[in-house]
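**Student:** Quick one: sequence plus predicted model below, questions after.
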Amino acid sequence: MQTAVNLAAHIEERLLLRNEILEDFFSQQARTLAIACREMSERFLKGGRLLAFGRGPYSTDAQHVSVEFVHPVIVGKRALPALDLSSLLRPWLDAILRPEDIVMGFGPPEGDPEVWAALESAEARGAMTFALPGPSGSYALKAVTQDPFIHQELVEIFYHTLWETVHVFLEHRELGQDVGQAEFLYPFLGQKKQETAGIVEDVAASIQMKVRDDTRLRTRLATEQSEQIGAAALAIRERLLRGGKLILFGNGGSATDANDWAMDCVLPPAGYETIPAISLSMEPANITALANDVGVEVIFLRQLLAHAKPQDVAIGISTSGGSRNIVMALEEARKRNLLTVALLGNDGGEIYRRGLVDHPIIVRSDYIPRIQEVQASAYHVLRETLEVLRHGHA
């Protein structure tokens, strides 16, 4: 039987385990990634697009990388063309691929032969390819862990890094301007246009800096909130034993994390128990109908009204802690006596200040990509902990 103390110790250990694995990988790959980003920027300038796909839980990585490129969160960054083709992978890719495109395929640590075949076909037609992981491609990631959750977290940092760094090369090459509100990330860039070859080393160093920022945030999460994560897991387990389900929701990149968490429950790693879970962020028809006919603030609330039972668990994900549609759904969940959990950023925002959830888990940063990367560690470890509780031991 797990006590709260040794459960928290287990969670802290699992969170800290990630730091060395991730820092080692990116310290070895930073320069290669910087060079890859330079080629990606050249392809975007030639009219190329990012086409991404994966199957099962790995389709959520395709969703996530697409939204990052189309909807840059750093104010003033241009929207770059990106699509998630996961729903009809090969036919869609074959129909729309152009030689200048960039193609990114996601899969589990052991890889996915169907994804590899699509990437091989795309490369033969001239596309730049990223196999994440895979045996071949313009960039072929060799999995450094067989843990599917840590692998996914590494890949999320990977494509966040690509997205951030491509913009550096784009603006440096095309405009010769500074990098706007992201300037603090790239102090080596000045006001005058420079040749991109000269900044590869500096960009590589900035990639390693981002991963060290993650280490600092993840360590703080482990030190300060392992007990909170353990308490959330115990409360969720109790609701599941009463016949409850998880109801997850978030916006943008957090929507893809909600989708990933739900899929990790219904299609879990081998040996894990299946857990009933739904993601309200995975319903484009419902979301667009509600946003168009009523307003974006009710896109989760109205779905929650349709699905929620008193024994359920409502889980909101918000990097700001103040997204209006997340706030309204959590308010309704509390009225209906659901257990409420939230993954939050910054200082927890309105959701934390108003005490809208039973279990707030906060990554204390104001920079969205780093928040999301550490939130991924938090919900994966919470998912692992539900297995620990099922078996009664770590």
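**Tutor:** Alright, I've got the coordinates. Small disclaimer: the values here were computed from a predicted structure and weren't measured. Numbers count the residues shown, from 1 in each chain.
**Student:** Touching, L339 and D312? I think so.
**Tutor:** Yes - if you go by C-beta atoms under 8 Å, L339 and D312 touch, sitting 7.5 Å apart. No exception for glycine: its C-beta is placed from N, CA and C like everyone else's.
**Student:** which residues are common contacts for the two?
**Tutor:** Here L339 and D312 share the contacting residues R239, G244, scored by C-beta atoms under 8 Å, 6 or more residues apart in numbering.
**Student:** and this structure, what are its domains?
**Tutor:** With domains defined by the TED database, the chain comprises 24-212, 215-391.
**Student:** Adding distance to N6, write the ones you listed out as JSON lines.
**Tutor:** Below are the domains of the chain laid out as JSON lines (distance: least, C-beta to C-beta, whole Å):
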{"stretch": "domain 24-212", "distance to N6": "21"}
{"stretch": "domain 215-391", "distance to N6": "9"}
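**Student:** Output these in JSON lines; the columns should cover distance to R14, mean neighbour count and mean pLDDT.
**Tutor:** Converted to JSON lines, the domains of the chain look like this (distance: least, C-beta to C-beta, whole Å; neighbours: other C-beta atoms under 10 Å; pLDDT from 0 to 100):
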{"stretch": "domain 24-212", "distance to R14": "9", "mean neighbour count": "19", "mean pLDDT": "88"}
{"stretch": "domain 215-391", "distance to R14": "5", "mean neighbour count": "20", "mean pLDDT": "97"}
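**Student:** Surely P360 is within a helix?
**Tutor:** No - under DSSP: H, G, I helix; E, B strand; the rest coil, P360 falls outside any helix and is assigned strand.
**Student:** mind starting the numbering at 25 from now?
**Tutor:** In the new numbering, first residue 25, that becomes P384.
**Student:** That one pairs with what?
**Tutor:** The partner list for P384 in beta bridges (DSSP bridges) reads A366.
**Student:** Which parts of the stretch 125-274 of the chain are strands?
**Tutor:** Along the stretch 125-274 of the chain, counting by DSSP state E, counting those that start in this stretch, strands occupy 126-130, 152-156, 163-164, 270-274.
**Student:** Figure out which of the domains of the chain is closest to T27.
**Tutor:** Set against T27 and scored by C-beta to C-beta, those come closest in domain 239-415, at 9.6 Å.
**Student:** Quick one: end-to-end length of the closest one, please.
**Tutor:** End-to-end distance of domain 239-415 (C-alpha to C-alpha, to the nearest Å): 30 Å.
**Student:** just checking, L264 touches T298?
**Tutor:** No - using C-beta under 8 Å, L264 is not in contact with T298, being 10.8 Å away.
**Student:** from what I can see R388 touches R244, true?
**Tutor:** Yes - with contact defined as C-beta under 8 Å, R388 counts as touching R244 (6.5 Å).
**Student:** which element is the residue nearest to E251 when sequence neighbours are not counted on?
**Tutor:** Nearest residue to E251, sequence neighbours excluded (C-beta to C-beta, 6 or more residues apart in numbering): A32, at 4.4 Å. When elements are defined using DSSP states H and E, A32 is found to belong to helix 28-69.
**Student:** which element follows that helix toward the C-terminus?
**Tutor:** Trace forward from helix 28-69 with DSSP H and E and the next one is strand 74-77.
**Student:** other SSEs contacting that following strand?
**Tutor:** Secondary-structure packing of strand 74-77 (3 or more C-beta pairs under 8 Å, 6 or more residues apart in numbering; DSSP states H and E): helix 83-94, strand 106-108, helix 113-120, strand 126-130, helix 137-148.
**Student:** mind listing the helices for the stretch 225-374 of the chain?
**Tutor:** For the stretch 225-374 of the chain, applying DSSP state H, counting those that start in this stretch gives helices covering 277-290, 308-317, 325-331, 348-359, 373-377.
**Student:** Out of those, the one nearest S65 is which?
**Tutor:** helix 277-290 (21.3 Å).
**Student:** List the neighbours of the closest one that are in contact with it.
**Tutor:** Residues outside helix 277-290 that contact it (C-beta under 8 Å, 6+ apart): 80-81, 84-85, 87-88, 91-92, 97, 173, 176, 270, 272-274, 298-306, 339, 341-343, 367, 392, 396, 399-400, 403-404, 407.
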